[in-house]
Structure formats: structure tokens, C-alpha cells
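In: prediction below, plus the sequence it came from.
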Amino acid sequence: MDVTGHPTSFWHRLPDGRVQCDLCPRECRLRDGQRGLCFVRANHGGRVVLTTYGRSSGYCVDPIEKKPLNHFLPGTPVLSFGTAGCNLACKFCQNWDITKSRAMDTLADRATPVQIARAAERLGCRSVAFTYNDPVVFHEYAIDVAWACQERGIRSVAVTAGYVSPGPRRQFYAAMDAANIDLKAFTDRFYRKICGGSLAPVLETIEYVRHETRVWMELTTLLIPGENDSPDEIDRLSFWIADRLGPDVPVHFTAFHPDWRLRDRSPTPLATLARARVIAMSHGLRYVYVGNVRQREGGATYCHGCGQLLIGRDGYVLREWNLVEAGACSRCGTVCPGVFEAVRGDWGARRLPVRLSEFAA
């Protein structure tokens, strides 16, 4: 199997001749020619290389709210792309054809970091999102793209599970402007049974991003009936967020739809999402949203000072806007935490697939 690829930094040699990948808590130990669980990092000639650098499963201009990010440049378009592979094994993955891919022919589009930045600029995107599969596994490519975008005033967004080791974590988030981190559950049992990972590294990443970086962060928890949706678990999760992160981190509770290896489960009832929102708000969390369903109240942003509706949403479409410069409430002047521009975006719910080959010149 050909595993030539782009050089990486986070690995070391072992006494038995193998190399250990130090990118994430899995610490895969690889013999020459062997790939890690993510499938895209491999031992080639006694060093770990990234086999998907410069290759993508596709590009699309999306609304930023789809990431989901509700407090980061609302209404603006974001150029989204992913590669292949993942360092978790979530049984409910909705992008399993990408994250679990073992065929490099899924990576049909090629682009350099500069090409991606140029394309985002020409398309009028305010940011580029690393999504569809976890950017942790294409660490070097994501960082190079982020720096190329920064030179053009375009921001970078990571949509990630946060399953990364401390050294690469510092390097990765130094290049990011915003992140939506998937807090998949609040039990180690769920992470082991459903995702093939562990909870503690994710919590460490979340705290690191909140307290030690300038990155704007929002959290998402997909509620799966019978697995992570009990009132007790939502209560403990919400308490942890309020206690360790503070009241201003937006939280998205999203609806599960049967997919991949969890097709035997029912979709999440709207009542479960509404209950989770109430529990989280009872802990003082100010910005709690529901997603993957159309629900006006659960998608709206309210002023925590006077209660005024700040941003009214219908799905990914902004309907009302009562913010003035710097994200302040137009009624009482209380600042809404986030990254806001003077004028709201008007991209709406459009989804625009693009080919990067058009931006080669």
C-alpha cells in the first residue's frame, strides 16, 4: 500500500522499531507501511506522514449557522471542506462515507492552501471551515490553510470533536478563529461504547480553548434517545459548562437522526430538546439552542440584560436583527458575547457546491 505523504511533527520512534503518532490520545504505534485508526496518518520509512494533504472530499459554501455557530459572523457564507478519515469511531456518524473512508478516490478535489484562501476571497466568504471530518486528523493541512486565509483577512473555523493531545492542540488553536466542539456526551461509558474514545481529553480541550486561547467557541451535543439524553446527564453536563466555562458559551442541543450503525434508534423528540434547553438555562447558561429541527424560540438569541430578541432565526435564515455595533443590544446596550460585524450577513440558507479547480489561476 502506498503511504507516501506530507511530513508531520507529532510522533516519535519506539525501541522496537515502530513509531508512535502523538497527535491524539490514541497514540497509535505503527510499523512501516501501517496506518493509524484515522487511516490518513501512516508510518512511511520510519516517520509519520499525512496521506491526504492537499486533497478534499469536496467544497461547499454554507451559512455559518450550519456549523453550528450562532455568535460568529451571523448570516455570512463560509467555505466548507473536509478530507477523509477520523480519529473517533462514532456509531452515529452522519458523514460516515467520508470519515470512515478507506478509499482515497473519495478525495476528488485538490487544492493548495493559497488556492483555498483565494477561492474563499473570490466567493465572498468571511471564513473557511474545516468540517465533514475532524480537522485534527489533517492537522498540518488545516493549519497551513488557516495561515493562508489570515493573509487575506479570512477567518478559520474548526468543527471538531476536540480529541487531540496537548502539544498539537496548542499549535492547532493558535491558527483558528472559531470552533464548534462536539461534546458528544457527559459519560466515559458513552465515549467508550459509542465513539471508541474517552471523555477526559475532550473536556481538557474545551477548557483549554475557553481559558487559554482567543478562539470563539460554541459547543454541540447530539442527543441520542436512551444513550445521552437523560435529565440527570444533561443536568451534570450543564453544571460543568456553567462552573468551568461560564454562562456565555453558546450550547447547541441537536436532534439525532438514525444513521450508519445506529439505525435502530428513534429520532430525538422535540420535547427532549426543549427539556435539555430548560435544564441548561436553569444553570444560568444564557445562550442555549436546539438544532436539526425548525424551532423559532430554540433558534433565537435573546439579550441576557433586558430579554429583547437580538437575532431571530428561521432555520439558517436571519429574520430579526436587533444588534448595533460590537454586538450590543439596541435596547439596553448589553453586549452579546461573540464575533459580530457592523452589518449582518444575508447569505441565508443557500448551499453552493464549488470546484476549486476554477480558482487555480
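Out: Received, thanks.
In: quick one: low-confidence parts of the protein?
Out: Applying pLDDT under 70 to the chain flags residues 1-4, 95-108, 259-262, 360-361.
In: which stretches in it count as helices?
Out: 96-99, 113-122, 139-150, 166-174, 188-190, 200-212, 231-244, 270-282, 296-299 (DSSP state H).
In: so what's the residue nearest the centre of the chain up against?
Out: Nearest residue to the geometric centre of the chain (C-alpha atoms, centre = their mean): V159, 1.3 Å. Neighbour list for V159: 67, 129-131, 134-135, 179-180, 182 [criterion: C-beta atoms under 8 Å, 6 or more residues apart in numbering]. The way it works is simple: take the backbone N, C-alpha and C, and place the C-beta from them, glycine included.
In: can you list these in JSON lines and add neighbour count and distance to N322?
Out: Written out in JSON lines, the entries for the contacts of V159 read as follows (neighbours: other C-beta atoms under 10 Å; distance: C-beta to C-beta, whole Å):
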{"residue": "K67", "neighbour count": "23", "distance to N322": "23"}
{"residue": "A129", "neighbour count": "27", "distance to N322": "27"}
{"residue": "F130", "neighbour count": "27", "distance to N322": "32"}
{"residue": "T131", "neighbour count": "21", "distance to N322": "29"}
{"residue": "D134", "neighbour count": "28", "distance to N322": "35"}
{"residue": "P135", "neighbour count": "28", "distance to N322": "34"}
{"residue": "A179", "neighbour count": "28", "distance to N322": "26"}
{"residue": "N180", "neighbour count": "23", "distance to N322": "24"}
{"residue": "D182", "neighbour count": "21", "distance to N322": "30"}
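In: looking at these, spot the one nearest H304.
Out: N180 (20.7 Å; C-beta to C-beta).
In: might you calculate how far the strand ranked longest in the chain sits from the centre of the chain?
Out: Ranked by residue count and defined by DSSP state E, the top strand of the chain is strand 216-223. The gap between where strand 216-223 is centred and where its chain is centred comes out at 8 Å by C-alpha atoms, centre = their mean, to the nearest Å.
In: just to revisit the earlier point, so who does the residue lying closest to the residue nearest to the centre of the chain once chain neighbours are set aside touch?
Out: The shortest distance from V159 to any non-neighbouring residue, by C-beta to C-beta, 6 or more residues apart in numbering, is to T131 (3.9 Å). Contacts for T131 (C-beta under 8 Å, 6+ apart) come out as 67, 80-82, 157, 159.
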